[in-house]
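Undergrad: here you go, sequence then predicted model.
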Amino acid sequence: MKMIELKKLKFQYKTMPMQFDLHIAKGEKVAIVGASGAGKSTLLNLIAGFEIANSGDIYLNGEKHNTTEPYQRPVSMLFQENNVFPHLTVFQNIAFGLKANLKLNNQQVQLVEQAASAVGLSEFLQRKPTALSGGQKQRVALARCLLRDKPILLLDEPFSALDPQLRQEMLDLLLKLSNEKNITLLMVTHQPNELVGKIDRVIKIENGFIV
Ligand SMILES: Nc1ncnc2c1ncn2[C@@H]1O[C@H](COP(=O)(O)OP(=O)(O)OP(=O)(O)O)[C@@H](O)[C@H]1O
């Protein structure tokens, strides 16, 4: 079954016209590579609904999503940084993925605690992000994404600010957790060699087209 289907999806900021045709199966793990300015982030933003295409069709999990709002799409997105709210604790930052007003019942509290445990943050639930390392902050963001329970996870260079060894650990954790839930992954990376043998496919974008 196809999880992401883009048909002649056209978009243009100013001068560079982009067009994306892409099919990704349910549970597939795909890396996106390409030069700076090629259109990698734009592709993710179109799928997430942060940008709306000029023409073409976008199907996600079997439904048309040409103009739906980001929160209505079966998609979570993890950015390179600034994924956590500085005034909220780790617990609250993760819980935000479940309920934006942070009013949780007992079962939801358990789900947050399980998500925190899955990313190794059980000891840090009452901390604020200022007291966390870069890798820990991305773990918070990853736990929140997974808790949202969306079938598609988009990641825009999620671990590139981390040192190589930590990046490898985070990638392994990401792949383990997303395999458990059969989540479809689409991840922009500048280090595709680190993913060899771990993901299904690498696609390359050049000047707004998948080549
Ligand atoms: N908000 C914007 N307004 C105008 N043009 C933009 C905007 N965002 C991106 N662009 C242009 O769209 C094109 C694609 O940009 P995009 O950010 O998708 O590339 P990228 O492959 O993600 O690059 P990088 O690796 O540097 O993040 C570039 O020509 C860029 O200058």
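TA: Noted; the coordinates are in hand. Fair warning: this is a prediction, and the values are worked out from it, not measured in the lab. Residues are numbered from 1 along each chain as shown.

Undergrad: check which helix or strand covers Q92.
TA: helix 90-95 (DSSP states H and E).

Undergrad: give me the mean pLDDT for that helix.
TA: Mean pLDDT, helix 90-95: 95.

Undergrad: from the chain's centroid, how far away is it?
TA: The chain centroid and the centroid of helix 90-95 are separated by 17 Å, computed with Cα atoms, centre = their mean, to the nearest Å.

Undergrad: which elements pack onto it?
TA: Here helix 90-95 touches helix 106-118, helix 134-147, going by 3 or more Cβ pairs under 8 Å, 6 or more residues apart in numbering; DSSP states H and E. Every residue, glycine included, has its C-beta placed from N, CA and C.

Undergrad: OK, contacts around the nearest residue to V211 once chain neighbours are set aside?
TA: The shortest distance from V211 to any non-neighbouring residue, by Cβ to Cβ, 6 or more residues apart in numbering, is to K204 (5.3 Å). Counting by Cβ atoms under 8 Å, 6 or more residues apart in numbering, K204 touches 32-34, 210-211.

Undergrad: what's the closest non-adjacent residue to A95?
TA: V112 (4.8 Å).

Undergrad: then T189?
TA: Here the residue nearest T189, using Cβ to Cβ, 6+ apart, is A31, at 5.1 Å.

Undergrad: please name the residues that touch that neighbour.
TA: 187-189, 192, 195, 199, 201-203.

Undergrad: of those residues - the most surrounded one?
TA: Within these, neighbour counts (other Cβ atoms under 10 Å) peak at M187, which reaches 26 neighbours.

Undergrad: contacts for the lengthiest strand in the chain next, please.
TA: With secondary structure taken from DSSP state E, the chain has its longest strand at strand 2-12. Contact with strand 2-12 is made by 17-28, 42, 46-47, 51, 53-62, 151-152, 184, 186, 208, as judged by Cβ under 8 Å, 6+ apart.

Undergrad: one step back: that's a helix at the residue nearest to V211, yeah?
TA: No: K204 is assigned strand when assessed by DSSP: H, G, I helix; E, B strand; the rest coil, not a helix.

Undergrad: list the beta-bridge partners for the residue most central in space within the chain.
TA: The residue lying closest to the centre of the chain (Cα atoms, centre = their mean) is L154, at 2.8 Å. Beta-bridge partners for L154, by DSSP bridges, are M77, L186.

Undergrad: let's number from 5 now, not from 1
TA: Let's use 5 as the start, then, which means that last one is L158.
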